[in-house]
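# Turn this into a structure:
(chains A and B)
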Number of protein chains: 2
Amino acid sequence: MAEKKLVEQITSMDVDFAQWYTDVVRKAELIDYTSVKGCMVIKPAGYAIWELIQKQLDAMFKETGVENVYLPMFIPESLLQKEKDHVEGFAPEVAWVTHGGLQPLAERLCVRPTSETLFCDFYKNDIQSYRDLPRVYNQWCSVVRWEKETRPFLRSREFLWQEGHTAHATAEEAEERTIQMLNIYAKFCEEVLAMPVIKGRKTDKEKFAGAEATYTIEALMHDGKALQSGTSHNFGDGFAKAFGIQFTDKDNKLKYVHQTSWGMTTRLIGAIIMVHGDNSGLVLPPKVAPVQVTIIPIQQKKEGVLEKAYELKDRLSNFRVKVDDSDKSPGWKFSEAEMRGIPVRVEIGPKDIEAGKCVLVRRDTREKIEVSLDELETKVEELLNTIQKEMLERAREHRDSHTYVATNMQELEEILNTKPGFVKAMWCGDQACEDLIKEKFSATSRCMPFEQETLSDVCVCCGKPAKKMVYWGRAY
Amino acid sequence: MAEKKLVEQITSMDVDFAQWYTDVVRKAELIDYTSVKGCMVIKPAGYAIWELIQKQLDAMFKETGVENVYLPMFIPESLLQKEKDHVEGFAPEVAWVTHGGLQPLAERLCVRPTSETLFCDFYKNDIQSYRDLPRVYNQWCSVVRWEKETRPFLRSREFLWQEGHTAHATAEEAEERTIQMLNIYAKFCEEVLAMPVIKGRKTDKEKFAGAEATYTIEALMHDGKALQSGTSHNFGDGFAKAFGIQFTDKDNKLKYVHQTSWGMTTRLIGAIIMVHGDNSGLVLPPKVAPVQVTIIPIQQKKEGVLEKAYELKDRLSNFRVKVDDSDKSPGWKFSEAEMRGIPVRVEIGPKDIEAGKCVLVRRDTREKIEVSLDELETKVEELLNTIQKEMLERAREHRDSHTYVATNMQELEEILNTKPGFVKAMWCGDQACEDLIKEKFSATSRCMPFEQETLSDVCVCCGKPAKKMVYWGRAY
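Residues are numbered from 1 along each chain as shown, chains lettered A, B, ... in the order given. Take a look at the predicted model:
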């Protein structure tokens, strides 16, 4: 049966999740590999998802006063070195430009792995007075990190992202913006990507190079592994002191600014795949589905069928809709639409037309719903809303039913080895315990969640008094 | 008078056009310089123009079936070298990455100056059958060319652009797409940027490295210099043969694809400045003005004035509108709004409110129009449409009145030295004549326009029989 071929070509997620992931990104035509090791082509089906992410996230940013800018992709070596922790964190994984045209450069330039140093260099002159504050700038661009192991969307040498960089008059205002952006990220993941997240703070071991505090949203993938999905950093005045970013305040005194940065990346596309996908391929939340509705004519050569399909398409023009009028069999078209994760499929054939109805099929549950053609627009709209809502609910149920509690190292080990998911456990605050857990179980502290609980009085590792509840997990 | 300061800070365009340009890009806060020589920061006021360009141009692309993708920013040296003419054209001006992290790379990578080679490498595997054609892909990204002399927007070492790369089954279809995209560029420049252009073909001397034919749109700046504003290239099957991009056609034969590429860049922002700007600063066409209407309250501390200003803002929410409620004087606000090129200014004070009216001021002509508050929305909409239309008309008149005819070298020299503008002249088709004109007068052939005229029978340079009418000019 030719109809089954597409699905048969992908590995079952229960057999080999990593291979399933790789198969889906290829068969759903999201990416292609390239001659540049560790870099990928984002194909139309993948890039269209990114465009929908950009559009909706950018609108949320702008509602809070964010302005977009563009800074150079190159950082002179001397500039990268100005903040000690930052350069230590990034220098081992940057790409270096040493020649421009036929000449060697007087100073090496790195291709930006992130742009804190460039924004600081810019703000140093751009900010003079309290009237210039706050600066709430963002840029959409690509960055480069010379990773050894790469995987499409999740970890690649070049990836697309947005990076916000702000400067404020006070520490309080900087902290407020850091949290505000984390909340926007969480809201975006839940409402647009149908992906629930845990909001919290990173431990000192896991925080961003040069940050005072890093906040994170952590999502749980279908295989029980965690994915850091967005981070927001408060730098205090550390970078400002390293770069000399001062302003004259209302009291006429010269003060250092307080800074933040925050970013989300094309990694989110990997998250969508691993949270919602199934053994037939991609399952896209309607809000980021480049095609929300595909109309598949049955017996399309019969008189009136294709015409009807186009008529329905016109009626559904409020949605992102396509007619699959190719000469493939309906079964093959169903299979392709499933692989691509299109939320709703409309089947329309001669008998349906005669009966004044059509069949809607949900990608997420495969439920078939017969609807009268008169109420097509309303039903499709309702169904897309229902799918968006129920995808979030199912992801939340999966996350919650894969979140466990450990009170000692034996429990922690057993859970990590037998029940993939998040493990909540108390921690004394000592990095030695964090290191030991990582060394023994290859699990990392994902975050100290904002919603703290007291699971026990003592650290899961050393038994000393506990200070924080931490989410632990194996992570991408 | 503090009010005049902003304007006094910019050089008159009649005194020093180059300095006027530099002053405007700085004082209108479009860009800032950086520690990276030849690279700039595009600030919010500049980037917002680019976002409006992107949005409208991208919509025009998508109407013709263009799909967006993203390819890596790095090109392995061996890949760049596959097409002989192409590498010769670009190798002298690329930036080379030689180290990734702490290790030297086995093969140098250049930062893309343009992505023909990457698209070819991708299409080689992506295209198998006539069913895979045409491929009409585009990407929005930044590229790097290691220029010696740089100027904001016009020529910088890194710039933002879009690059379309297509593959077709036949030579005819490729030629059709090349011309189709040039027509879209011309339409965009006229209808959105209010900038008339000459459409034509480049001579072999001026064509793109590796192209069979390059088509161009050429605009005339206020100082009489030409600006190449967009190009569209037909590669025939040259790249396909160099990279082995073959497909099985309907007749079951293996054939090479025919390819095109086309691009426009942030240089367009430079064009907007130099076509429309005046001695008070920027003049933005309404369709790319980040702020279309600025409302400036007069005596804003008087009761009810600010409230009224906000009320008008709400009523004008169909437009991009702002209230300038800062504590600066109205005169200073006028001057700032002019520097930033905001198309319409609304003045509203206590007397206006009492009389139920306000004053609209056009940025382009400075005309003041008293309108009843009742008809504000309609009048603003009409005015924005009128401004957009008349800016194009004025630019066309300027272009036409600065286009001259030369029939011999004496005339050509005299015009080029005394009347900055386009010079139309006949050409025999011999590159020696083109070289001589460039050497003697620093003027280049801008294009062989689609709309040919017969000005004389002989070449302006050598007197041999003429083959083509050419637009000549000094160019950015």
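# where's the residue nearest to the spatial centre of chain A, which helix or strand?
Most central residue of chain A, judged by C-alpha distance to the mean C-alpha position with C-alpha atoms, centre = their mean, is residue A:268 at 2.2 Å. Take DSSP states H and E as the rule and residue A:268 turns out to sit in helix A:267-276.
# what lines up beside whatever helix or strand comes next after that helix in the sheet?
Taking DSSP H and E as the definition, the helix or strand that follows helix A:267-276 towards the C-terminus is strand A:293-297. Using DSSP bridges, the strands paired with strand A:293-297 in its sheet are strand A:321-323 (parallel), strand A:344-348 (parallel).
# winner for burial among these?
Ranked by average neighbour count under the criterion mean count of other C-beta atoms under 10 Å in any protein chain shown, the strands paired with strand A:293-297 are headed by strand A:344-348 at a mean of 23. Bear in mind the C-beta positions are built from the backbone N, C-alpha and C, glycine included.
# what's downstream of the helix or strand that contains residue A:159, the next helix or strand?
Element membership for residue A:159, per DSSP H and E: strand A:158-168. If you walk from strand A:158-168 toward the C-terminus, the next helix or strand you reach (DSSP H and E) is helix A:171-191.
# Can you list the helices and strands that the lengthiest helix in chain A packs against?
As far as residue count goes, and with DSSP state H defining each element, the longest helix of chain A is helix A:376-401. Applying 3 or more C-beta pairs under 8 Å, 6 or more residues apart in numbering or on different chains; DSSP states H and E, one finds that helix A:376-401 makes contact with strand A:213-220, helix A:267-276, helix A:305-315, strand A:344-348, strand A:357-362, strand A:368-372.
# Just put these in TSV and tack on mean pLDDT.
Formatted as TSV, the entries for these read as follows, by pLDDT from 0 to 100:
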stretch	mean pLDDT
strand A:213-220	98
helix A:267-276	98
helix A:305-315	98
strand A:344-348	98
strand A:357-362	98
strand A:368-372	97
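# ok, back up a step: now the angle from the longest helix of chain A to strand A:293-297?
What separates the directions of helix A:376-401 and strand A:293-297 is an angle of 120 degrees, with axes from the mean of the first three to the mean of the last three C-alpha atoms, to 10 degrees.
# Work out the sheet partners of the helix or strand following helix A:376-401 and label each with its direction, please.
In the C-terminal direction, the helix or strand that comes right after helix A:376-401 (DSSP H and E) is strand A:403-405. Within its sheet, strand A:403-405 is paired with strand A:422-427 (parallel), according to DSSP bridges.
# Give me the below-cutoff pLDDT ranges for chain A.
Within chain A, the segments meeting pLDDT under 70 span A:1-8.
# Who's the closest spatial neighbour of residue A:442, skipping the chain neighbours?
Counting by C-beta to C-beta, 6 or more residues apart in numbering or on different chains, residue A:474 is the residue found nearest to residue A:442 once chain neighbours are left out, at 6.0 Å.
# For that neighbour, give me its contacts.
Residue A:474 makes contact with A:224, A:225, A:226, A:416, A:420, A:442, A:443, A:444, according to C-beta atoms under 8 Å, 6 or more residues apart in numbering or on different chains.
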